[in-house]
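> need a structure here:
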Amino acid sequence: MKSARMERYSRRTQVLAHDRHRRELLVVVSGCLEISSMSANGRKYVNALLGPGQVAPLVRLLEDVPLAYDYHAHEDSVIVHLPSDAVIAVLDAEPVLWRDVAKLGLQRQRLSIVLLQNQMLNSIHGRVAATLMSLVHFYGGQGPGTAEDAEGPLVRLSQNDLAAMLGLSRQTINKELGRLVEEGAIDMRYKRIRIVDADRLARIAAGT
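Next up is the predicted model:
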């Protein structure tokens, strides 16, 4: 806590803009952190959206690891910055704490492999469903409970953002989201997607 600092970021503001390679962990207190990269020709790829309670990037606990992504506030956000060296000192002082870091890293790896498998083997419809399921895990339902939350997990993102995550056109995303609405898996509002039947969405993601 002595080394940590809390920053407030407006929507779309880049985090670590002045030193993108600074070795810090980013803890989302409120809002949403976007992890993304941009190709040389200006094409954007969104890797993940992290909601309150999530931390990234664990890889910054390692030294001399190339960092492929940038971080932006997906909406107005409060982020706590934790210097990696200070975190490592705490973990080394109580080695049992490394177990939880390892478990979190393995969970992230598993999810990445599942998403990669879906990208390679699943239908477009299944890929969209699987991506929404992953967003619920990382983003939806992480904040304080409200009456609105009781209606089902809510993911705040535009169709353009979802298209950037899947490498698909906005027109294709619009069509596939419409199918999911017809199938009773989701409900859509302006820049908001609510999961109304998680079991059905999971079956679609699995192709069953």
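
> give me the low-pLDDT residue ranges for the chain?
For the chain, applying pLDDT under 70 flags the ranges 137-152.

> those strands in it, which residues are they?
5-9, 14-15, 24-30, 33-38, 44-50, 55-56, 70-73, 77-83, 154-155, 186-189, 192-195 (DSSP state E).

> quick one: which of these is nearest L135?
strand 154-155 (4.7 Å; Cβ to Cβ). (C-beta placed from N, C-alpha, C; glycine too.)

> other SSEs contacting the closest one?
Counting contacts by 3 or more Cβ pairs under 8 Å, 6 or more residues apart in numbering; DSSP states H and E, strand 154-155 packs against helix 124-138, strand 192-195.

> Distance from that strand to the middle of the chain?
Its chain's average C-alpha position is 12 Å from that of strand 154-155, according to Cα atoms, centre = their mean, to the nearest Å.

> Quick check: neighbours of that strand in the sheet, parallel or antiparallel?
Strand pairing for strand 154-155, using DSSP bridges, gives strand 192-195 (antiparallel).

> What residues of the strand it pairs with count as buried?
193-195 (16 or more other Cβ atoms under 10 Å).

> One more: stretch 184-200?
Of the residues in stretch 184-200, 185-187, 193-198, 200 count as buried by neighbour count, 16+ other Cβ under 10 Å.

> Equivalent analysis for stretch 53-65, please.
Neighbour-count burial for stretch 53-65 flags 54-57, 59-61 (criterion: 16+ other Cβ under 10 Å).

> residue farthest from the centroid of this structure?
A93 (30.1 Å; Cα atoms, centre = their mean).

> surely V65 meets L58?
No: the pair V65 / L58 is not scored as a contact, 10.4 Å apart, by Cβ atoms under 8 Å.

> Let me see the contact set for the residue most central in space within the chain.
Note on the chain: the residue nearest the mean C-alpha position is L49, at 2.4 Å, using Cα atoms, centre = their mean. By Cβ atoms under 8 Å, 6 or more residues apart in numbering, the contact set of L49 is 32-35, 74, 135, 138-139, 155, 157, 161.

> Many thanks, we can stop here.
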